[in-house]
Structure formats: structure tokens, C-alpha cells
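**Student:** Let me see the structure of the following:
(2 chains)
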Amino acid sequence: MYFALTDEQRDLGRTVRDYLADRFGPEQVRAVYEDAAGDGHPAELWKACAEQGWLAVTVPEQYDGLGLGLLDLAVIARAWGASTIPGPWLPTVLGGEAIRIAGSPEQQAEWLPKVAAGEVVLSIATRREGGDWTAAGAACTESGGTLSGTAAQVEYAAVADAFVTATADGRLWLVEAAAPGVTVVRTGGLDRTTRLATVTFADSPATLLGDDLDSLYGAAMVLTANDLVGIARSALTRTVAYDKEREQFGRPVGSFQAIKHALADLHVAVSMAEHGALYAAYALDSGQPDAVQAVHVAKSKASDVARDATAAMIQYLGGIGYTWEHDAHFAFKRAKREEYAYGDGAWHKEKLAQLLLA
Amino acid sequence: MDLSYNAEDEQFRSELRGWLEANIPREWSRPGFWSSLDREEAFALRRDWEARKAEAGWAGISWPTEYGGRGGTPAQKAIYDEETVRASVPYTVNPLGLTFLAPSVMVFGTEEQKKTIIPDLLFNRVIWCQGFSEPGAGSDLAALSTRAEDQGDHWLVNGQKVWTTNAMHGDWIFTLVRTNPDAPRHAGISMLLIDMHAEGVEARPLKQMSGESEFGEVFFTDVRVPKSSILGPVDKGWEVAMVLLSFERGSSAMGQYTGFRRELDQVAALAKGRERFGKPAAEDPQLRQKLGASLVELELLKLHSLHILTAVEQGRELGFEASMTKLQWSEAHQDLGELFLDVAELSGQETTGEDFAGLDPLQHSALWSRSETIWGGSSQVQRNVVAERVLGLPR
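**Tutor:** Numbering: from 1, shown residues only, chains lettered A, B, ... in the order given. Predicted structure coming up:
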């Protein structure tokens, strides 16, 4: 019985956090945030991701990857969330997972070494305009090997080299950004730690990867859940630190029970969400019989707790928490976007109810 | 990460399961069996059966063998908790003695105390009560005022304890008393071991909202307690109590998880069979959300237990995580009780037996869960502990 990260996984987390603390701190995050017109894709950070192997984690060794698992990716995702790190790391990793899970050996040989080396940016374009992202509402229709349709809220589409999209039958396709008929129109976004766009495919040539949309979504839910628990833990830690120092009525505000009890409840909830997000990664990786349930538990709790912890940060910092100058809103907005990405708490609870009532 | 138990632990599980299957009377799992019994009769049945279980070696799972324990691993204790709930083994009649007193005696007891108290506990020859709370000392335990005066060859005890589990069945009570009224309030307390059959000890039942009288009040009027009947040093009772309470730390909540998870399945089944707004209740989106939420919190309780178990096996100090465990299971169970009542609607408000005797187990659980966020440190006290001891917020 060992329900914890290995020493190697802890070291990986430490390496990522140390790098971010040294080289991509709050100032760099803010620079991306303030530059609304920019591509939100800092070159130095991307280079580090490639050099450090953070894009190669689950890429098999034969394709120049590290051959590790979802749990190792989860460690990075958590550090990413904790510091609200921008850039197309997650969509690229997920695109790589789609190719690894569903692609042919030829497709893997063509794409995965480039993913591992940071030579390509990938993104997931499965969300139909209007919001539905489940298989039945998948973005595209297929006709003779070409795809047509519109995908909304596609992350980092403007810098992507290829998109993973889906048809309503659950099949996954790869479309290169340079292919005929592909149009990318950037949109704004509340959360500027990412960049969003609408991507239109018009009879665009596509290659079929396979029929494993559910597996891709499983990985997406788990990694998003881990990013969310990273956000939540960091928000709580910062709130606690502030409320130990900030004095009102002649005493630290953190000494008031109204605040203490709220933060204690959050600590319990965040700790539970951390367990859930870790277990889901392990369960998917090792094919546990309760993997599907574990993913829904993880994303449900992570979505709810990140919303609550970032909202609490704004509330318990007082006025300063609502200012543009303070970073609290980075975390709040990222948590909000990720709450709805790949199913919010209510969506996943409905899925769990289906399991219970089956 | 590796969530499998090792071969030895799995062997333990299969032996235990085999023994339970062979030794639990079949009728015990018949719905309504326990509620059909007279309460005294039920208690006696539990007491005897538990003693036989101990004789067969299925007690004191992780206690050292020198004290009659099984010398098992923390994982085996978690497996035991899980399997006994799965097999519908009735809850122990000696919970406070087993959880708190026995391990404390191993730390603080004299050789004589170790040799008598522990085996008597294991075989239910003695039912132990805990005498901590008083009318004026609940969450603020150090405000206790039961007095023990040094009379040379004995202590003379006067005062009152309350919320005493098993008060009416208790044989002995480990009791916090004030031995030095002039010392600062934490410094003048001792832990006396008092024979509840002694002259001047009177137990009275307290009827709970569930209709039972598991709790009671214990009155001490000029009770003479031998000087040797003390656990730990004089005036060091607070320290003894803190160590004693720490034994709940590191205990996993696998037993609670297993029981609550089964209740959730029962609630889900009930939802399928009832109507709401002219449709099956199981189709009601609000109830479905609550069912999903309950499953989330229970599965997280299980993972939290595995986390605790891992920490214990790695020899890590657990500190105050027990407060988190308590908050998670007690609050999740209370929400589950509320969910059952929502699904059952008015039918859940109806009883069949006389004086609450025939309560549906889910009805009983929904009522009982209201006590779970109070006893053993209320949720509010637990939140203070988490805020101050874990997060380091100022007092």
C-alpha cells in the first residue's frame, strides 16, 4: 500500500517549481497577461519545456520520450496551475496523448518526436460552437477524408501546427493548421493565461487517428483537475499567509473564527481534491476498475474547490484582492475557465449519479 | 503509487473473511433483525459474540502480542475495519476502551494495569466508559470541575460526568478529575480509573433523539478510589489525555467508508423505487446532483484513508490530520443522511415500532449522524484545530 508520489515524482515537481520560481515568476506571468494582443506563448518557457523533457513525459522512449505516465504529467500540471503558467503546454501534451493513444505507428513516428522536442504546438479542437464538447456534439462532420465544421474555444489555435478534432461518432482526426480550408479567428478571453480562438474547417484534408475520444477526454479531465488543485492549493496558501499578517481591529484577521473556519474547510476540501486528482491519474494509467468513477470524482471536486478557493482568496484579501494589480484574479479566472473545460462539477456529478443508478 | 496490499495482508483478509463467514449467525443479516431485539438482549448478544471473536484471535489487531494483541500491521487494522463492516459485524460494545484506554495503558500503565486491564477489555469482561465531558466542560474540556481530594490512602471523588457512552453498561470509567484546584487549569488534572460498581457512583440514562439511551450521566458522591487506581502521574492527567486522544490519529476511516458507501447504494436503490413530480425520483436532477456529490465525498474519504495508512506505514508523524478525517467523514455522513430523507420524503418520517424501536437503519443513521458532528470534538472545534495547528492561523 503506497498512496503517494514516488521520490522521483516529487523531484520532478520540485524541479518544475524551482524553474518557475527562478525563471518564470509572477512578473513573467503578468507580462503575458497584460499583453492581450500577444500570442501568449513565451519562447523561453517553451524552450525550457522542451529541454527539460516536460513535453516528452508520456511519449514512448522509441519516439525520444521519457515513457512515463499520466501521474508524472499530473505533477507538472499541478505546478502549472499553482503559478497560473501560460503557454500551450497542456494542449500540446493532450494532442500528443491523442496521437499516442489512437494514432498508428506511422503517425506516432511522424508526430511524437516533434511533440517531445517542442517542435510542434498541438491543440484540441473538439468543442462545437455553442458549447457542447461531448462526442455527440463533436465539432466536425467528415466527407471523403475531409472535415468541415467549427470548433470553439480552441486554446492557442493561432500558434498551433495541428489540431486534434472529432466527429460525432467519436473518431479522432488530425488536421494540420496549414491545410486548405482551415481558418483561425482569435477571440478574447477572461483568462489571459491562455489564448482562445474559433477554428473553422472547410473541406479540410484530415488524417484519421482512431476512435478513442473518451480516452483523450479522460486524460484531459485528469490533467485539468490537477491544474485546478494546483490553483486551489496555491490560492489557499496565499490567503492564509496574508491573513496571518493583515491586522484589523487590532489583531490579525486570520484570528477571527469566521475566517478560520472557512479556511479550515477549504484546507480539508483542497486536500481531498489533491487525493482525488492523484488517484484519477494513477487509476487511468494502471487501468483500475474504478478509473471512470475516479476521473469524475477528481474533476468534480477539483472544479468546485478551485472555484471556492480562488473566490475565498479575493474575499479574504479584502479590497486588494479585487484589484487588477493583485494576481488573485489570474487564479480566479483560470479556475473558472478550467472549471468548465471538460465538464464542470455538476456535469461530473450527473455522470456519477448515472454510475450509482445503473 | 501502488494500492495493492502485500501478500501477508491479503492472506490476513481472506482468513478473516473466512472466519466471519463461518461465525456470524445468518439471521443477523436479515433486515430488521437487530431492531426486532430488545435493546438489552441485543447488547448482551454483541458483548458475547465479540468476546468469542477475541478468543479466536480477531481482536487487538495492531496491538503487540505481549498484551494479547495480534501484532498486525496498520494495513491489517484497516482491512479488519473494512471487512467487519462489510460482513455486518455489529459495532463493538467497548469502543472507548479499545480505541483509547488500551493503547494509553500500554504507554502509561503499571505492569499490573497492563496485565489486568488489557485482557479484560479484549474479552469484554469489563466494559469501559470515558469520563471526560461535564455539564460545564464540553468543548472546553479543561474547565472540568469533578474533584478528587487526597485522603491519604484514597482519593475522594465528587462531581458529574455527562454524554458518557455505554454509561448503563459500564463497569469501569477512566475519568479526568481535578486533583489540584490551585494549579493552572491544565496542570491540576489527573486520570483516575474508577469502578462504576463502587459505592457513590450512580449512572443515569440520557435518552437521545434516536430514542436510545447509549449515553448517560455518571454522578460521583464521596466515592473512595484507591490511590493506585490512577493512569500516569498525579496532576499529569491532561498530558495523559492528550496522548490518549492521539490514538485516534492515524486510524483510517475505512470502516466508515465501507458502511457509508453501502448506505449510499441503499439510498440510490430507494430513489429508483420512489416517485417525485410524477417521475421516478431517480430522474430528479437535484437528487441526482446530491447522489453524485455524496459519491464524490465518500470516495475522497476512502482515498484520504489510504493516504493516512501510507503515512502510518512510512512512520510519518500525523499531527492533526485526524481532525480532517473526522470532518470529512462526519460531514459527509450527515449530508448522506439528509439525502436519504430527501429521497424518502414523508415516508421517511414514519415509524413502525413502538418508541423508535423499529427504526429503519437509514432513519437511524440520519438521526445518529446529527451526533457525529458533535461528539469526539465538534466540527467547530475540529475547524479551530485545522486552522490553528495545521494552517498556523493565530489564536
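**Student:** going forward, measure contacts and count neighbours with C-alpha atoms only.
**Tutor:** OK.
**Student:** pLDDT score assigned to the residue in chain B that chain A sits nearest to?
**Tutor:** Per CA to the nearest CA, B:Gly292 is where chain B lies closest to chain A, at 4.2 Å. With respect to pLDDT, B:Gly292 scores 98.
**Student:** For A:Ala135, see how far away it is.
**Tutor:** Separation of B:Gly292 from A:Ala135 (CA to CA, to the nearest Å): 22 Å.
**Student:** Pretty sure B:Trp181 sits in a strand.
**Tutor:** Heads up, residue B:181 is Pro, not Trp. No. Secondary structure of B:Pro181 (DSSP: H, G, I helix; E, B strand; the rest coil): coil, not part of a strand.
**Student:** for chain B, what's the longest strand?
**Tutor:** strand B:215-226 (DSSP state E).
**Student:** Can you name the residues in contact with that strand?
**Tutor:** If you take CA atoms under 8 Å, 6 or more residues apart in numbering or on different chains as the criterion, strand B:215-226 is touched by B:153-168, B:194, B:198-208.
**Student:** coming back round to it: so between B:Gly292 and A:Ala135, which is more surrounded?
**Tutor:** Neighbours of B:Gly292 and A:Ala135, each counted by other CA atoms under 10 Å in any protein chain shown, are more numerous for B:Gly292; the result is 26 against 20.
**Student:** The more buried one sits in which helix or strand?
**Tutor:** In this assignment (DSSP states H and E), B:Gly292 forms part of helix B:285-313.
**Student:** So which bits of whatever helix or strand comes next after that helix are buried?
**Tutor:** The helix or strand immediately downstream of helix B:285-313 is helix B:321-344, counting by DSSP H and E. Using 16 or more other CA atoms under 10 Å in any protein chain shown as the test for burial, helix B:321-344 gives B:321-344.
**Student:** filter the residues you listed down to the ones near chain A?
**Tutor:** Restricting the buried residues of helix B:321-344 to those near chain A by CA under 8 Å from any CA of the partner chain leaves B:Met324, B:Leu327, B:Gln328.
**Student:** and the first one, what pLDDT?
**Tutor:** The model reports B:Met324 with a pLDDT of 95.
**Student:** gap between the residue lying closest to it once chain neighbours are set aside and A:Leu317?
**Tutor:** What sits nearest to B:Met324 in space, not counting adjacent residues and going by CA to CA, 6 or more residues apart in numbering or on different chains, is A:Val268, at 5.9 Å. Here the criterion is CA to CA. By it, A:Val268 lies 20 Å from A:Leu317.
**Student:** just the helices in the chain please.
**Tutor:** Just so you know, I chose chain A. Under the criterion DSSP state H, helices of chain A are mapped to A:7-23, A:26-34, A:43-52, A:70-82, A:89-102, A:105-117, A:213-245, A:257-286, A:291-317, A:328-340, A:345-357.
**Student:** think we crossed wires, I meant chain B
**Tutor:** B:7-23, B:33-36, B:39-55, B:74-86, B:95-96, B:102-108, B:111-122, B:237-246, B:254-273, B:285-313, B:321-344, B:361-372, B:379-385.
**Student:** which stretch in those has the least confidence?
**Tutor:** Among the helices of chain B, helix B:33-36 scores lowest, with a mean of 84.
**Student:** chain center to that one, what's the gap?
**Tutor:** Helix B:33-36 has its C-alpha centroid displaced from the chain centroid by 21 Å (CA atoms, centre = their mean, to the nearest Å).
**Student:** coming back round to it: of the contacts of strand B:215-226, buried ones?
**Tutor:** Burial by neighbour count, 16+ other CA under 10 Å: within the contacts of strand B:215-226 this picks out B:154-168, B:194, B:201-203, B:205-206.
**Student:** ok, A:Glu110 to B:Gln256 distance?
**Tutor:** With distances taken as CA to CA, A:Glu110 is found 51 Å from B:Gln256.
**Student:** so B:Ile189 sits right up against B:Thr175, yeah?
**Tutor:** No. Using CA atoms under 8 Å, B:Ile189 makes no contact with B:Thr175, being 10.0 Å away.
**Student:** Look at these two and report which has more neighbours.
**Tutor:** B:Ile189 (31 against 23).
**Student:** Look up how far B:Ser246 lies from that one.
**Tutor:** Distance from B:Ile189 to B:Ser246, counting by CA to CA: 18 Å.
**Student:** What of A:Val29?
**Tutor:** From A:Val29 to B:Ser246 the distance is 44 Å (CA to CA).
**Student:** Run through the residues that contact A:Glu61.
**Tutor:** Counting by CA under 8 Å, 6+ apart, A:Glu61 has contacts A:Gly67.
**Student:** What of A:Asp227?
**Tutor:** A:Ala74, A:Ala77, A:Arg78, A:Ala79, A:Trp80, A:Gly81, A:Ala82.
**Student:** what's the burial count for the closest residue to A:Leu355 other than its chain neighbours?
**Tutor:** Leaving aside its sequence neighbours, A:Leu355 sits nearest to A:Gln293 (CA to CA, 6+ apart; 7.7 Å). A:Gln293 is flanked by 21 other residues according to other CA under 10 Å.
**Student:** where does B:Gly250 land on pLDDT?
**Tutor:** Looking at B:Gly250, its pLDDT reads 66.
**Student:** Report the distance from stretch B:299-309 to the chain centre.
**Tutor:** Put simply, stretch B:299-309 sits 18 Å off its chain's centre (CA atoms, centre = their mean).
**Student:** any bit of it sitting next to chain A?
**Tutor:** Yes. Stretch B:299-309 lies within reach of chain A by CA under 8 Å from any CA, at B:Glu299, B:Leu300, B:Leu301, B:Leu303, B:His304, B:Leu306, B:His307, B:Leu309.
**Student:** Can you name the residues of the stretch 251-395 of chain B that neighbour chain A?
**Tutor:** So far as CA under 8 Å from any CA goes, the stretch 251-395 of chain B lies against chain A at B:265, B:268-269, B:272, B:282, B:285, B:288-293, B:295-296, B:299-301, B:303-304, B:306-307, B:309-310, B:324, B:327-328, B:380, B:383-384, B:386-387, B:391, B:393-395.
**Student:** how close does the closest residue to A:Gly345 other than its chain neighbours get to A:Tyr340?
**Tutor:** Closest residue to A:Gly345 apart from its sequence neighbours, by CA to CA, 6+ apart: A:Ser300 at 3.9 Å. Counting by CA to CA, the gap from A:Ser300 to A:Tyr340 is 10 Å.
**Student:** Buried ones in stretch B:118-127, by neighbour count?
**Tutor:** Going by neighbour count (16+ other CA under 10 Å), the buried part of stretch B:118-127 is B:Ile118, B:Pro119, B:Leu121, B:Leu122, B:Phe123, B:Asn124, B:Val126, B:Ile127.
**Student:** Just give the closest residue to A:Ala4, not the sequence neighbours.
**Tutor:** Per CA to CA, 6+ apart, closest to A:Ala4 is B:Met1, 5.6 Å.
**Student:** cool, A:Gly276 as well?
**Tutor:** Once flanking residues are discounted, A:Gly276 sits nearest to A:Ala298: 4.6 Å by CA to CA, 6+ apart.
**Student:** what about A:Ala43, neighbour count?
**Tutor:** A:Ala43 has 10 neighbours, counted by other CA under 10 Å.
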